[in-house]
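In: One predicted model, sequence on top.
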Amino acid sequence: MLFAIVSCSHEEKKQIVCWGDSLTSPHTGNGIKGKVKRMNKNDLAYPEYLQDMLGDEYEIVNGGVGGENTLTIMARQGAYPMRLAHDIVIFKSDEAKYKTFIGNNDVSAFVSSYNGKSVTPLIQCGWNEDSPAQMNPCTVNDKNFHISSESKIWKEEEGKYKVEYNYYIEADDEWTSTDTIKAGSIVNTYAMKKLRNKYANVFFVGQNGGFDDAADLIRQLNAMIEYSKSKRYIVISFHKPNEVMNTISRMKEMEDSLSRSFGKHYINLREYMINHGLEDAGLEPTQEDKDSIAKGQVPPQMMTDGCHFTTKGYEEIAKLVFDKIKELGY
């Protein structure tokens, strides 16, 4: 059952920005199929379920992009912006626009101002203003640009994905001669200009890595919270071991650290799914579920591919966030 909060139509909506990767990003496009899915409440991401639960008093902004790690999400959000990895020559005349190639898998286009490592935004989404990437229009050295990507992603064995991509930049402003944008120039994203100082933020990041250890993840989360300029926030921990936290034991250590750091603002997703997920979703545990739970893993009935959740799973995540919003008085 979806919950609702009665809104006051004369008040400005409370905007909540949900930052994350494919565990947050929309499952539906803006076409007819996407509208039908949303209308039928079928195959939605957790922010879309959350919007229904909160009602018209709130506006959920989805800032989730599949495939991104914490460095890239920080770069889009603004806590540690991305910098151009090398000089870029731009040309635009009155008669034509030119898209300039700036990087790919082999030649980094952007690096993090946090630690100088490569960041790869926009891998699985469009580049326009409606994109959850919240990238465009962006500015570099006070000039307006659009950054786009062409990418191919396919699944290989053992649940791993392979990505090929190219990045391009296109000038929006009057640009009538060849000019060079220097390496190290900061890319100021749309999110940095428009999604700061919002009512609240949800940070569900880390499944794709981008941090060195639990302490580094906490530093990055605190940077995003501080940059947001909002004291209203929720942190959700990822639920499956990755290359950084590669065992359940290490996951538990990370979760304990997150709980100590963020207290009542924190949701331990793995622990919830193990202890309450099936019951709250109205599902009877199978033997496979019981075996996974005994190992500290999310029950397979809640998952589609070992990492991403079923429709019931995403609805339960939305309920967790909804309950936390009520608990915190947001």
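Out: Now that the structure is in, tell me what you want to look at. In this text, all values refer to a predicted model and were calculated from it rather than measured experimentally.
In: Strands of the stretch 51-200 of the chain, start to end?
Out: 58-64, 82-84, 88-90, 99-104, 110-112, 118-119, 138-140, 143-155, 161-171, 179-181, 187-188, 200-204 (DSSP state E, counting those that start in this stretch).
In: can you put those strands in JSON lines and add mean pLDDT, mean neighbour count and distance to E48?
Out: The way it works is simple: take the backbone N, C-alpha and C, and place the C-beta from them, glycine included. Shown next, in JSON lines, are these (pLDDT from 0 to 100; neighbours: other CB atoms under 10 Å; distance: least, CB to CB, whole Å):
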{"stretch": "strand 58-64", "mean pLDDT": "97", "mean neighbour count": "21", "distance to E48": "7"}
{"stretch": "strand 82-84", "mean pLDDT": "98", "mean neighbour count": "23", "distance to E48": "28"}
{"stretch": "strand 88-90", "mean pLDDT": "89", "mean neighbour count": "17", "distance to E48": "37"}
{"stretch": "strand 99-104", "mean pLDDT": "91", "mean neighbour count": "17", "distance to E48": "32"}
{"stretch": "strand 110-112", "mean pLDDT": "98", "mean neighbour count": "21", "distance to E48": "29"}
{"stretch": "strand 118-119", "mean pLDDT": "96", "mean neighbour count": "22", "distance to E48": "27"}
{"stretch": "strand 138-140", "mean pLDDT": "94", "mean neighbour count": "21", "distance to E48": "26"}
{"stretch": "strand 143-155", "mean pLDDT": "84", "mean neighbour count": "16", "distance to E48": "22"}
{"stretch": "strand 161-171", "mean pLDDT": "86", "mean neighbour count": "17", "distance to E48": "23"}
{"stretch": "strand 179-181", "mean pLDDT": "87", "mean neighbour count": "15", "distance to E48": "37"}
{"stretch": "strand 187-188", "mean pLDDT": "98", "mean neighbour count": "22", "distance to E48": "28"}
{"stretch": "strand 200-204", "mean pLDDT": "98", "mean neighbour count": "24", "distance to E48": "13"}
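In: and T286, which of the ones you listed is closest to it?
Out: Among the strands of the stretch 51-200 of the chain, strand 143-155 comes nearest to T286, with 24.6 Å by CB to CB.
In: Export only the CA atoms of that closest one, formatted as PDB.
Out: Once non-C-alpha atoms are left out, strand 143-155 reads as follows in PDB (Å, rounded to 0.1, in the frame of the first residue of the first chain):
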ATOM      1  CA  LYS A 143      31.100  30.000 -21.100                       C
ATOM      2  CA  ASN A 144      28.000  27.800 -21.700                       C
ATOM      3  CA  PHE A 145      28.400  24.300 -23.100                       C
ATOM      4  CA  HIS A 146      26.600  21.000 -23.600                       C
ATOM      5  CA  ILE A 147      28.500  17.800 -22.900                       C
ATOM      6  CA  SER A 148      27.300  14.600 -24.500                       C
ATOM      7  CA  SER A 149      28.300  10.900 -24.600                       C
ATOM      8  CA  GLU A 150      27.900   8.100 -27.000                       C
ATOM      9  CA  SER A 151      28.100   4.800 -25.200                       C
ATOM     10  CA  LYS A 152      27.600   1.100 -25.500                       C
ATOM     11  CA  ILE A 153      27.100  -1.200 -22.500                       C
ATOM     12  CA  TRP A 154      26.800  -4.900 -22.400                       C
ATOM     13  CA  LYS A 155      26.800  -7.600 -19.800                       C
END
